[in-house]
Structures are given as structure tokens and as C-alpha cells.
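In: Prediction below, plus the sequence it came from.
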Amino acid sequence: MTATFDECIEVSNSLLRGELSAVETYTQALGKFRREPERSLLMSIRADHQDSVVRLRRHIDDMGVQPDENSGVWGQFAKAVEGFAKVFGQTTTLMALEAGELSGVDDYMVALDDPEIMDEIKQEIRDVLLPRLERHLDSLRRVRAK
């Protein structure tokens with residue numbers, strides 16, 4: 001394997017771990033939200049992150065490598081959000097979810113700037129993954145503003 005190929009795999013798996021963490025985070029946050037429209041919004045965002053997991057795994061599979069199976073260190077973020085939800089309530093939980101989405105935006109922007117990331121993955125980021133996170137941020141901010 002070349003350094004470029006290794007870098008692409010490493011970054012792709014890092015993005016995958018972030019998406020796995022997002023799924024875990026939204027699953028935990030859903031326990032705090034029982035009313036609509038918040039609950040439906042969080043379920044929809046979680047479904048988007050689940051789809052992102054599938055898309056990133058497909059790219060990693062296409063490179064002939066086994067995708068990561070768990071969130072690793074990113075899972076700590078999911079645990080922190082669960083703690084926020086138990087102690088501080090819905091507003092703080094929504095703010096923590098926004099912070100997670102912003103972190104994902106940053107990660108995708110860095111990947112787009114990385115010359116070693118394959119064009120197919122960059123296209124997926126530009127067309128689907130990044131716009132999705134931006135929509136999540138807008139939705140979370142609207143719900144929090146109510």
C-alpha cells in the first residue's frame with residue numbers, strides 16, 4: 001500500500017468512527033426527548049448518520065479494507081452527551097448535539113482539503129455528507145430557539 005492509500009483509509013475510517021459516534025449520541029439523546037417535533041427530528045438525524053455510516057463503509061470496502069466497527073474515542077462524546085442530558089436537560093443536550101455536528105463539518109472540510117483523499121469520497125462528502133450536517137445544524141438551532 002502507498003502512503004496516499006493508507007492516508008485515505010485512515011481518514012475514511014476516522015470519518016466513519018465520527019458517524020458511528022453520532023448514531024450512538026442520537027440514540028442516547030432520544031431518551032431525553034419524548035415530545036414532538038423534537039423526537040422526530042432527532043430520529044431523522046440519527047437515520048441520516050446511519051446512512052452516512054453505510055456510505056463510508058462502502059467506500060472503505062471498495063478500497064479492499066475492513067471498515068472500523070465501533071466509534072472508538074469518538075464514543076466518549078456519545079457518553080458525554082448522555083451525561084449532559086441526564087444532568088442539564090434538553091437545551092444543553094441540543095447544544096451538545098450542535099457541537100457534535102460542527103465537529104463533523106470540520107472533519108469533512110479537512111478531508112476535502114486533503115489531496116490524498118480519493119475523488120469519489122470527496123464527491124460523496126460534497127454532495128451528501130456535508131450538506132446533510134449543515135441541515136442538521138439548522139434544524140437543531142431552530143428547535144433550540146423555540
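Out: Cool, got the structure.

In: How about the secondary structure of the residue nearest the centre of the chain?
Out: To find the centre residue of the chain, average its C-alpha atoms and take the closest one (Cα atoms, centre = their mean): that gives Glu19, at 3.4 Å. Reducing the assignment to helix, strand or coil with DSSP: H, G, I helix; E, B strand; the rest coil, the entry for Glu19 is helix.

In: Now do the contacts for it.
Out: With contacts defined as Cβ atoms under 8 Å, 6 or more residues apart in numbering, Glu19 is in contact with 49, 52-53, 56, 104. (Glycine included, C-beta is placed from N, CA and C.)

In: where does the chain have low pLDDT?
Out: Along the chain, the model assigns pLDDT under 70 to residues 1-3, 72-88.

In: Helices of that one, residue ranges please.
Out: Ranges of helices within the chain are 3-30, 38-62, 75-88, 90-113, 119-124, 130-145, based on DSSP state H.

In: Can you list the neighbours in contact with the shortest one?
Out: Residues lying outside helix 119-124 but in contact with it, judged by Cβ under 8 Å, 6+ apart, are 8, 12, 55, 59, 62, 111-112.
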